[in-house]
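A.B. asks: Curious how this folds, go ahead:
(2 chains, ligands or ions: 1)
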Amino acid sequence: MDCKLVEERISNYIENNLSATEMDAVREHIQSCGACRDLLERMERVLYLCEDLTEEVPFFLKNRLYNIAETRVAEEPAISGRTITVLKWAAAMVGTAVLLLNLLYFTSIVPPANRFLHLAVSRIETFVVEAGAYVERISESDRNPFLGLFMSPDKKIDADQPFPDGATNEGGKNG
Amino acid sequence: MLIDRIADGDPEAWNMIVDKYSKGIYSLALNFAGNADDAADITQDIFIKLFSNIHKFTLDGNFHAWLMRMAKNHCIDYWRKNRKNRNVLPLNEDIRVHDHDEEQHMIDRMDIQRLRRRINQLDPELRILLILRDVQNYSYQEIAASLDLPLGTVKSRINRGRIKLARMFQQGGDHGL
Ligand SMILES: [Zn+2]
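C.D. replies: Here you go, the predicted model:
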């Protein structure tokens, strides 16, 4: 076996991963070749020192790593990226529409359109108020949105009794 | 599942991940970069990346392998960005060594400093493989599977890296003392 072949096998030789005959051949070469013996000794020394190259994480760094979760959670709301994109586009469209409507409304270029806008705005207002009341009912009804949906607005839900009798029947009537 | 809890924003689940993996990542970064300042930056960036990508991890995958791949890629990116101003930072961090008698202890300390500097001179791909195998004691199989490389390639590259490192240790005339 020559030096090149020994070099190719030297890791396997150190790790005892060669067949018995190959182990013998490498050992034999190393005993008679100073260069390969030297390489083997240095490699063993390097591997021995490598064991000491791990270190504990410094205290300040560990704290920074722990803090990643808190800072990032605060930055990002708990909705998916796609939902955020959709919401952003929706908001942009609504914003544009409102700008255009404002333009029509305040310039009063087209009086019928102006009257129509009065009506539309009052409808939107009613809708917003009702939606707000609905959201309030959901949060009161112990996270059961269907219950809140079927309840009449004046009916107060008992917190100890999240599914009051008749709620589903009532839902059937109203829905 | 721990990963789900992190994705849901549970800080305790995140702390468990930090406790479990930070030492390995820091050790990889430290021996890759060769100095403690860069190692801290690299480690922090890897964990930030991990946190913001954790929802992309598929549960049937191997988390450790996934993290290892992410860490490796980040180290290589870091090296690409910083290769122009490399080799200027001194190695001055405290090095803990096994218990030997005092004289041997001193020799080991100095050799460890030199060894880190030599590792830092290896080609970055080779450096990662060598650190994973010889510093962190992963098996060839684990490394090959995690980094998606053929087993034979991993073995021959690590052998090549060890030979280079052994020769560099020699060339510097800095063996023994
Ligand atoms: Zn030889």
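
A.B. asks: if I look at A:Arg42, how far off is A:Phe59?
C.D. replies: 36 Å (CB to CB, to the nearest Å). Heads up, the C-betas are built off the backbone N, CA and C, glycines and all.

A.B. asks: Comparing these two, which shows the higher neighbour count?
C.D. replies: A:Arg42 (19 against 8; other CB atoms under 10 Å in any protein chain shown).

A.B. asks: Dump stretch A:121-133 to CSV, restricted to CA.
C.D. replies: Output of stretch A:121-133 as CSV, limited to C-alpha atoms (Å, rounded to 0.1, in the frame of the first residue of the first chain):
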residue,chain,number,x,y,z
VAL,A,121,-73.9,56.1,4.7
SER,A,122,-76.8,55.6,7.1
ARG,A,123,-77.1,51.9,6.0
ILE,A,124,-73.4,51.5,6.7
GLU,A,125,-73.7,53.1,10.1
THR,A,126,-76.6,50.8,11.0
PHE,A,127,-74.6,47.8,9.9
VAL,A,128,-71.5,48.9,11.9
VAL,A,129,-73.6,49.3,15.0
GLU,A,130,-75.3,46.0,14.6
ALA,A,131,-72.0,44.2,13.9
GLY,A,132,-70.5,45.8,17.0
ALA,A,133,-73.5,44.5,19.1
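
A.B. asks: Those residues of chain A touching the ion, which are they?
C.D. replies: Within chain A, the positions near the ion by CB under 5 Å from the ion are A:3, A:33, A:36.

A.B. asks: Touching, the first one and A:Ala35? I think so.
C.D. replies: Right, A:Cys3. Yes - contact criterion CB atoms under 8 Å: A:Cys3 and A:Ala35 qualify, at 6.5 Å.

A.B. asks: count of residues packed around A:Cys50?
C.D. replies: A:Cys50 has 22 neighbouring residues, counting by other CB under 10 Å.

A.B. asks: so who does the closest residue to it other than its chain neighbours touch?
C.D. replies: Excluding the flanking residues, the one nearest A:Cys50 by CB to CB, 6 or more residues apart in numbering or on different chains is B:Asp134, at 4.1 Å. For B:Asp134, the contact set (CB atoms under 8 Å, 6 or more residues apart in numbering or on different chains) comprises A:46-47, A:50, B:158, B:162.

A.B. asks: Remind me what the host helix or strand of B:Met70 packs against, helices and strands.
C.D. replies: Taking DSSP states H and E as the definition, one finds B:Met70 inside helix B:63-82. Using 3 or more CB pairs under 8 Å, 6 or more residues apart in numbering or on different chains; DSSP states H and E as the contact test, the elements touching helix B:63-82 are helix B:11-33, helix B:36-53, helix B:124-130, helix B:140-147.

A.B. asks: you'd agree B:Ile143 is up against B:Leu130?
C.D. replies: No - the criterion here is CB under 8 Å, and B:Ile143 misses it with B:Leu130 at 10.2 Å.

A.B. asks: Relative to chain A, how far out is the spatially most central residue of chain B?
C.D. replies: For chain B, B:Leu28 is the residue whose C-alpha lies nearest the centre (CA atoms, centre = their mean; 1.4 Å). With distances taken as CB to the nearest CB, to the nearest Å, B:Leu28 is found 9 Å from chain A.

A.B. asks: what's the closest non-adjacent residue to A:Leu65?
C.D. replies: B:Val18 (4.6 Å).

A.B. asks: Let me see the contact set for that neighbour.
C.D. replies: A:62, A:65-66, B:47.

A.B. asks: Closest one of those to the ion?
C.D. replies: Nearest to the ion among these: B:Phe47, at 45.7 Å, using CB to the ion.

A.B. asks: residues near the closest residue to that closest one other than its chain neighbours, how many?
C.D. replies: Take B:Phe47 and drop its neighbours on the chain: the residue closest to it by CB to CB, 6+ apart is A:Leu65, 5.0 Å away. By other CB under 10 Å, the residues close to A:Leu65 number 27.

A.B. asks: Give me the neighbour count for B:Ile112.
C.D. replies: 18.

A.B. asks: Where does it sit: helix, strand or coil?
C.D. replies: Three-state call for B:Ile112 (DSSP: H, G, I helix; E, B strand; the rest coil): helix.

A.B. asks: Hmm, it is touching A:Leu53, no?
C.D. replies: Yes - under the criterion of CB under 8 Å, B:Ile112 makes contact with A:Leu53 at 6.7 Å.

A.B. asks: what about the helices in chain A?
C.D. replies: Under the criterion DSSP state H, chain A carries helices at the ranges A:3-14, A:20-32, A:34-50, A:59-75, A:81-107, A:111-140, A:145-150, A:167-174.

A.B. asks: quick one on the thing from earlier: buried subset of the contacts of B:Val18?
C.D. replies: For the contacts of B:Val18, a neighbour count by 16 or more other CB atoms under 10 Å in any protein chain shown gives the buried set as A:62, A:65-66, B:47.

A.B. asks: what's the closest non-adjacent residue to the residue of chain B found nearest the ion?
C.D. replies: At 12.3 Å from the ion, B:Ile163 is the closest residue in chain B, using CB to the ion. In this structure, B:Ile163 finds its nearest non-sequential neighbour in A:Glu7, 6.0 Å apart by CB to CB, 6+ apart.

A.B. asks: if I pick that neighbour, what's in contact with it?
C.D. replies: A:36, A:39, B:159, B:163.

A.B. asks: if we go to 10 Å?
C.D. replies: By CB atoms under 10 Å, 6 or more residues apart in numbering or on different chains, the residues touching A:Glu7 are A:35-36, A:39-40, B:159-160, B:163.
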